[in-house]
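> Sequence and predicted structure below; questions after.
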Amino acid sequence: MTNDMHPLPAGRKHNDPVLTRALQAIALCGVILGLILYAWIALHNETGASQRRLADAAAAGQVAADAEMARIEAAAERAAPLIAAAVRGDVSTADLRNAQVQVAEMLSSTPVLAVAVLDGKGGVLSVFGHMPSDAVGGLAPLSSSQRAGQELLGLELVPVSRLRAAFYREAELAGGGQLPMVFVLRSGAFGAALDAGASAGSGWRAAIFNLDGKVVLSNSAPGRAFTSSDTALAGQALGWQPLHRDQVSAPGRLSGRTDGVFLEARSVAGGRLHIAYLADEPSVLAIITARKTEFLALFGVSMLALVLALSLIQNEWRRDDRENEDTFLVLAQARASCDLLDAGVIDWSVRDGRIVYSEGWAEMFARGVKPASEEAHDWISRVHPQDQDAARETYQSLLDGTANDIEHRIRIRLPSGMWVQVLERGRAVSGLDGKPARIVLVQTPEAADGAALKETLNGFNPPKDYALTG
């Protein structure tokens with residue numbers, strides 16, 4: 001007699017080196033993807049934070065630049081009348097000297113360092129205050145915008161050296177006419193406005209532009225400079241066009257990003273000047289370098305979690321494999337015993353409630369046709385109704401763990417409709433958790449005596465067209 005109690009296929013074993021390596025590779029890829037996702041999120045957050053910092057710097061710089069321009073204009077308003085009176089032709093040398101001293105004292109607390117009075121050809125007639133050496137030779141006649149067409153639009157602020165700018169102003173003379181003056185600014189003028197870019201982080205640049213889009217003053221982070229490409233980028237973004245007195249020079253506020261550079265620009269002094277701030281967009285490498293401690297901590301925790309997870313999974317796989325192997329050994333022993341005893345075997349999986357019949361069982365009780373895998377209640381339906389309650393109680397004792405082995409007699413329905421009495425022995429096979437995992441039932445038909453045959457025949461209902469003849 002044979003049965004189909006085949007051993008557990010080797011391909012289903014979890015403790016397989018190939019499967020283990022595949023699991024490790026998948027888990028490692030998951031860690032790498034997690035780190036990449038974290039880097040992307042960090043880059044996104046840092047990019048937004050950098051742009052916000054630059055916008056905050058531009059807002060603060062605009063206020064500081066407007067305040068500085070107001071101080072320059074106030075100094076010019078106070079000094080211009082004194083200077084205009086001092087350069088009259090009837091003023092004595094002593095009065096001129098006194099006026100120069102008075103103007104110098106007046107300018108000492110302002111952004112203006114010196115004032116040069118120009119003649120009609122742009123030559124210097126007189127100097128008030130302390131004219132710096134880097135401004136000598138840099139003064140020119142009153143400038144006008146090169147973009148204003150045939151109209152003259154005065155450029156109030158122009159560069160006179162790398163670190164210094166000048167403010168141009170015309171004062172009214174008592175006898176009529178205009179007196180051109182150049183107010184040379186201190187080297188630290190607009191310093192607070194330009195230095196506001198430092199709050200944007202490393203790589204920042206800032207510059208003040210006049211109406212022609214030319215850099216008047218600039219500042220930048222150490223090792224950086226406001227280059228001609230930065231000037232072109234700011235000019236392109238601001239979109240300066242040929243203008244006239246009644247036209248707007250450029251947008252009052254501009255925010256943007258292009259070619260990996262953030263740009264924030266604000267108008268100053270009612271649009272007569274513009275201050276622009278630039279900063280480089282942070283790179284992934286820069287962010288990782290800045291957050292290397294976080295990345296190392298995240299990588300270490302991820303690897304530790306990976307090792308622990310793999311260990312738990314592999315231990316669970318080994319436990320499951322051992323349990324399956326133990327079950328296989330029990331079933332193999334039952335198969336060998338049943339082959340010798342000419343008995344049928346039923347394998348009941350407690351976890352999913354499935355029941356599998358052996359071929360030996362099918363030969364004895366199902367005319368050689370092995371039933372498909374059934375549920376537990378399907379098997380109970382094969383038991384005689386008068387034996388079902390007792391059988392359920394017996395099986396329940398195995399499930400509850402109150403009994404490890406059973407032995408009882410039950411009647412099983414044959415395909416013909418007749419009932420056959422069998423001796424059923426059963427054993428519960430526990431899993432690693434100590435609970436029953438499988439139940440193996442071995443059934444052996446008993447020889448029928450006259451009483452049993454009579455009882456069997458009494459329970460058999462022949463078809464209507466069947467008749468006994470004697």
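Noted; the coordinates are in hand.
> quick one: average confidence on stretch 229-236?
The average pLDDT within stretch 229-236 is 85.
> Give me the residues contacting it.
205, 207, 209, 213, 215, 258-259, 261, 263, 265, 276, 278 (Cβ atoms under 8 Å, 6 or more residues apart in numbering). Glycine gets a C-beta too; all of them are placed from N, C-alpha and C.
> Let's see that with 10 Å instead.
205-207, 209, 212-215, 218, 220, 224, 226-227, 240, 250, 254, 256, 258-259, 261, 263, 265, 274-278 (Cβ atoms under 10 Å, 6 or more residues apart in numbering).
> Stretch 286-302 now?
27-28, 30-32, 34-35, 38-39, 42-43, 45-47, 201-203, 280, 282-283.
> go with 8 Å
So stretch 286-302 is in contact with 31, 34-35, 38-39, 42-43, 46, going by Cβ under 8 Å, 6+ apart.
> Let's see the ChimeraX selection covering just the buried ones among the contacts of stretch 229-236.
Remark: buried members of these, expressed as a ChimeraX selection using 16 or more other Cβ atoms under 10 Å:
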select :205,206,207,209,212,213,214,215,218,220,224,226,240,250,254,261,263,265,274,275,276,277,278
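> tell me the pLDDT at the closest residue to S161 other than its chain neighbours?
Spatial nearest neighbour of S161, chain neighbours left out: D134 (4.0 Å); criterion: Cβ to Cβ, 6 or more residues apart in numbering. For D134, the pLDDT comes out at 85.
> same thing with A467?
pLDDT, A467: 42.
> go on, K464?
50.
> go on, G270?
81.
> Distance of it relative to G256?
23 Å (Cβ to Cβ, to the nearest Å).
> Looking at this protein, which helix is longest?
helix 17-86 (DSSP state H).
> For the longest strand seen in the chain, which residues meet the burial criterion?
Across the chain, the longest stretch assigned as strand under DSSP state E is strand 419-430. Within strand 419-430, the residues that count as buried by 16+ other Cβ under 10 Å are 419-422, 424-429.
> so what does it touch, helix or strand wise?
Under the contact criterion of 3 or more Cβ pairs under 8 Å, 6 or more residues apart in numbering; DSSP states H and E, strand 419-430 touches helix 292-341, helix 385-400, strand 405-413, strand 436-445, helix 450-458.
> Recalculate using a threshold of 6 Å.
If you count contacts as 3 or more Cβ pairs under 6 Å, 6 or more residues apart in numbering; DSSP states H and E, strand 419-430 packs onto strand 405-413, strand 436-445.
> L423 contacts P445, correct?
No: using Cβ atoms under 6 Å, L423 makes no contact with P445, being 8.0 Å away.
> which residues are in contact with both of the two?
Residues touching both L423 and P445 (Cβ atoms under 6 Å, 6 or more residues apart in numbering): none.
> Outline the domain layout of the protein.
19-285, 321-458 (automatic domain parsing).
> Distance from the chain centre to the shortest one, please.
Meaning domain 321-458. Using Cα atoms, centre = their mean, to the nearest Å, the mean C-alpha position of domain 321-458 is found 58 Å from that of the whole chain.
> The first one now?
In terms of Cα atoms, centre = their mean, the gap separating the centre of domain 19-285 from the centre of its chain is 38 Å.
> Count the residues that sit near P282.
21 (other Cβ atoms under 10 Å).
> correction: N45
Using other Cβ under 10 Å: N45 sits among 12 other residues.
> Look up how far L139 lies from it.
50 Å.
> Mind listing the residues bridging to V429?
R438 (DSSP bridges).
> Please look at it and R438 and confirm they touch.
Yes: counting by Cβ under 6 Å, V429 does reach R438; the two are 4.5 Å apart.
> any idea which of the domains of the chain scores lowest on pLDDT?
domain 321-458 (a mean of 78).
> circling back: just the contacts of stretch 286-302 now: which is nearest A305?
V31 (8.4 Å; Cβ to Cβ).
> Quick check: the gap between the closest one and A22.
V31 is 15 Å from A22, by Cβ to Cβ.
> which ones are touching W348?
355, 439.
> Would you mind listing the buried residues in the helix or strand that contains it?
Per DSSP states H and E: W348 is located in strand 344-349. Residues 344-348 are the ones in strand 344-349 that count as buried (16+ other Cβ under 10 Å).
> So which bits of the helix or strand hosting G360 are buried?
G360 belongs to helix 359-365 when assigned by DSSP H and E. By neighbour count on 16+ other Cβ under 10 Å, the buried set for helix 359-365 is 359-365.
> Mind giving me the packing neighbours of that helix?
strand 344-349.
> Strand partners (parallel or antiparallel) of the strand it packs on?
When DSSP bridges is applied, strand 344-349 pairs with strand 354-357 (antiparallel), strand 436-445 (antiparallel).
> so can I have CSV of those strands showing distance to I406?
Formatted as CSV, the strands paired with strand 344-349 follow (distance: least, Cβ to Cβ, whole Å):
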stretch, distance to I406
strand 354-357, 16
strand 436-445, 9
